[in-house]
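Novice: need a 3D model of the following:
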Amino acid sequence: MKKTDLVIIGGGPAGLAAAIAAYENGIRDILILERDVALGGILNQCIHAGFGLHRFGEELTGPEYASRFVKKVLELGIPVKTGAMVTDLTSDRKVTYVSEEDGKVELQAGAVILAMGARERSRGALNIPGSRPAGVYTAGTAQRYVNIKGCMPGKNVVILGSGDIGLIMARRMTLEGANVKAVCELLPYSGGLARNIAQCLNDFNIPLLLSHTVTEIHGKDRLTGVTISEVDERRKPIHGTEQYIECDTLLLSCGLLPENELTKKAGIKLDRVTGGAVVNSMRETSVPGIFSCGNVLHIHDLVDYVSDEGEVCGIYASMFLKGKCETANDTIALKPAGIVRYTVPQVISSKDEDVRVFFRVGENKRNAKIEVLSGDTVLLSKRKQRVAPGEMENITITKSMLEKAGAELTVNIGREDQ
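Specialist: Numbers count the residues shown, from 1 in each chain. Next up is the predicted model:
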């Protein structure tokens with residue numbers, strides 16, 4: 001069995017940033033395992049602009065953003081295996097991968113960083129009634145067809161779900177000459193960024209139908225149309241609101257799921273809301289020496305934050321390998337309350353320096369009051385003009401706050417204006 005100090009599973013923006021950070025912190029025996037034929041992850045098919053505003057102060061396309069990290073990895077000489085599928089990960093950090101070049105390989109890693117990304121919810125996960133004709137795609141698959149393969153999936157399009165990929169594909173399909181007839185959203189609010197709603201739908205007069213869903217798919221060999229219906233507050237279709245829309249293509253943009261099969265194999269504790277690992281401020285999981293970052297940990301809205309999180313993993317994984325990263329005994333649990341759905345990290349320590357905590361809300365709210373409480377004591381209180389499910393929020397819990405914290409801190413936003 002070969003030994004490697006640091007194995008990074010995934011060569012997308014999180015894994016690349018982690019590898020660079022680890023190298024810059026003194027680790028040289030690094031291996032990036034990427035199942036695709038090239039580094040860069042999903043960014044390679046995201047040819048629209050809007051990446052890098054926070055990190056680089058300029059608008060980049062997805063390939064441009066990824067190329068800056070790929071170039072740095074290659075310049076540093078960090079070993080990379082593409083076309084390498086990791087098939088197993090154990091709690092004692094044994095990694096098994098297969099590739100056409102190497103066959104089956106087993107590695108004993110000193111530390112592991114999980115950066116596998118996420119996958120889309122498929123039609124099978126949505127249980128939409130009807131036949132199984134051609135013309136039904138996830139939005140990401142359609143994006144790959146158009147942007148990588150140069151093929152149009154269809155000409156008359158309905159999109160189910162208003163996640164960012166679906167919104168961006170509404171614009172992309174329109175620019176390629178398709179007629180996007182509607183974007184249907186099950187919830188009473190969009191799951192995408194406000195800027196994408198404005199730039200991808202409003203600018204092209206594409207209707208966004210909130211509290212609507214697809215209730216039947218029509219067609220035998222090829223999709224001929226869909227039936228959409230309004231839904232009630234329990235998200236159940238309302239009888240009598242059915243509407244038939246003729247189309248040859250249905251794109252599904254109904255959320256992303258972290259690729260955590262390997263995480264489960266290693267016996268790592270998962271968060272029931274994010275679907276990713278439970279981590280501390282170092283992004284270390286419940287299994288010592290295994291770290292997690294990017295969309296495999298929780299779904300991000302901005303790739304800039306993915307890179308930041310990858311760097312955190314790279315820094316602390318390097319400290320772990322040097323014996324300078326010990327799991328704290330005096331842990332403080334972070335608990336979401338009100339409309340806050342989850343926090344990352346979920347566990348911090350009183351010995352931490354300032355900790356940046358990311359979270360998402362479960363509903364739209366204006367004039368939101370964000371609070372961090374230790375029991376009934378308010379440690380932080382700030383107002384924000386607007387919070388929305390499609391946009392990730394973050395706060396900083398300072399060292400002075402941690403010194404006043406008990407065994408648990410609550411991150412809260414009330415449902416009513418306070």
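Novice: give me the distance between residue 32 and residue 82.
Specialist: Note on residue 32: its distance to residue 82, by C-beta to C-beta, to the nearest Å, is 9 Å. The way it works is simple: take the backbone N, C-alpha and C, and place the C-beta from them, glycine included.
Novice: with residue 119 instead?
Specialist: Residue 119 sits 19 Å away from residue 82, going by C-beta to C-beta.
Novice: please apply the same query to residue 37.
Specialist: Distance of residue 37 to residue 82, computed by C-beta to C-beta: 6 Å.
Novice: neighbour-wise, which of these two wins?
Specialist: Neighbours per residue (other C-beta atoms under 10 Å) separate residue 37 from residue 82, with residue 82 holding more: 15 against 7.
Novice: chain neighbours aside, what residue packs nearest to that one?
Specialist: Nearest residue to residue 82, sequence neighbours excluded (C-beta to C-beta, 6 or more residues apart in numbering): residue 34, at 4.9 Å.
Novice: quick check: the one you found touching residue 78?
Specialist: No. Judged on C-beta atoms under 8 Å, residue 34 makes no contact with residue 78 at a distance of 11.9 Å.
Novice: those two: which has the busier surroundings?
Specialist: The residue with more neighbours, out of residue 34 and residue 78, is residue 34; 25 against 20, by other C-beta under 10 Å.
Novice: what about the closest residue to residue 297 other than its chain neighbours, how many neighbours?
Specialist: Distances taken as C-beta to C-beta, 6+ apart place residue 276 nearest to residue 297, at 4.1 Å, with adjacent residues excluded. Other residues near residue 276 number 28, with proximity taken as other C-beta under 10 Å.
Novice: identify the residues contacting residue 276.
Specialist: 258, 260, 263, 270, 292, 296-298, 344 (C-beta atoms under 8 Å, 6 or more residues apart in numbering).
Novice: ends of stretch 156-170, what's the gap?
Specialist: With C-alpha to C-alpha, to the nearest Å as the measure, stretch 156-170 spans 11 Å from end to end.
Novice: before we move on, what about stretch 293-301?
Specialist: 14 Å.
Novice: and stretch 276-296, by the same measure?
Specialist: So stretch 276-296: terminal residues 6 Å apart, C-alpha to C-alpha.
Novice: may I see the buried residues of it?
Specialist: Across stretch 276-296, burial judged by 16 or more other C-beta atoms under 10 Å covers 276-287, 289-296.
Novice: helices along the protein, start to end?
Specialist: Assigned by DSSP state H, the chain shows helices spanning 13-24, 53-56, 62-76, 123-126, 139-144, 164-175, 194-196, 261-265, 303-321, 399-404.
Novice: which elements pack onto the third one?
Specialist: Secondary-structure packing of helix 62-76 (3 or more C-beta pairs under 8 Å, 6 or more residues apart in numbering; DSSP states H and E): helix 13-24, strand 49-51, helix 303-321.
Novice: got a list of what the closest residue to residue 83 other than its chain neighbours touches?
Specialist: Excluding its sequence neighbours, the residue lying closest to residue 83 (C-beta to C-beta, 6+ apart) is residue 99, at 5.2 Å. Residue 99 sits next to 81, 83-85, 105 when contact means C-beta under 8 Å, 6+ apart.
Novice: any idea how far residue 352 is from residue 396?
Specialist: Residue 352 is 11 Å from residue 396, by C-beta to C-beta.
Novice: neighbour count: the two, which is higher?
Specialist: residue 352 (17 against 11).
Novice: show me the shaky parts of the stretch 251-400 of the chain.
Specialist: For the stretch 251-400 of the chain, the stretches with pLDDT under 70 are 327-329.
Novice: okay, strands next: where are they in it?
Specialist: Using DSSP state E, counting those that start in this stretch, the strands of the stretch 251-400 of the chain run over 256-258, 290-292, 331-338, 340-344, 347-349, 355-361, 365-374, 377-387, 393-397.
Novice: what pairs with the third one, and is each one parallel or antiparallel?
Specialist: Think strand 331-338. strand 347-349 (antiparallel), strand 408-413 (parallel) (DSSP bridges).
Novice: what mean pLDDT does stretch 201-211 get?
Specialist: Here stretch 201-211 scores 97 as its mean pLDDT.
Novice: what lies in contact with that stretch?
Specialist: If you take C-beta under 8 Å, 6+ apart as the criterion, stretch 201-211 is touched by 162, 167, 170-171, 174, 180-190, 197, 200, 228, 230-231.
Novice: now list the buried members of those.
Specialist: Of the members of these, the ones counted as buried by neighbours, 16+ other C-beta under 10 Å, are 162, 167, 170-171, 174, 180-187, 190, 197, 200, 228, 230-231.
Novice: check contacts around residue 403.
Specialist: By C-beta under 8 Å, 6+ apart, the neighbours of residue 403 are residue 350.
Novice: roughly how far does it sit from residue 343?
Specialist: 20 Å.
Novice: cool, residue 151 as well?
Specialist: With C-beta to C-beta as the criterion, residue 151 and residue 343 are 41 Å apart.
Novice: more neighbours, these two?
Specialist: More crowded of residue 151 and residue 343, by other C-beta under 10 Å: residue 343, with 27 against 10.
Novice: the more buried one bridge partners, please.
Specialist: Residue 343 has these beta-bridge partners by DSSP bridges: residue 359.
Novice: so who does it touch?
Specialist: 334-336, 357-359, 411.
Novice: no more questions from me, cheers.
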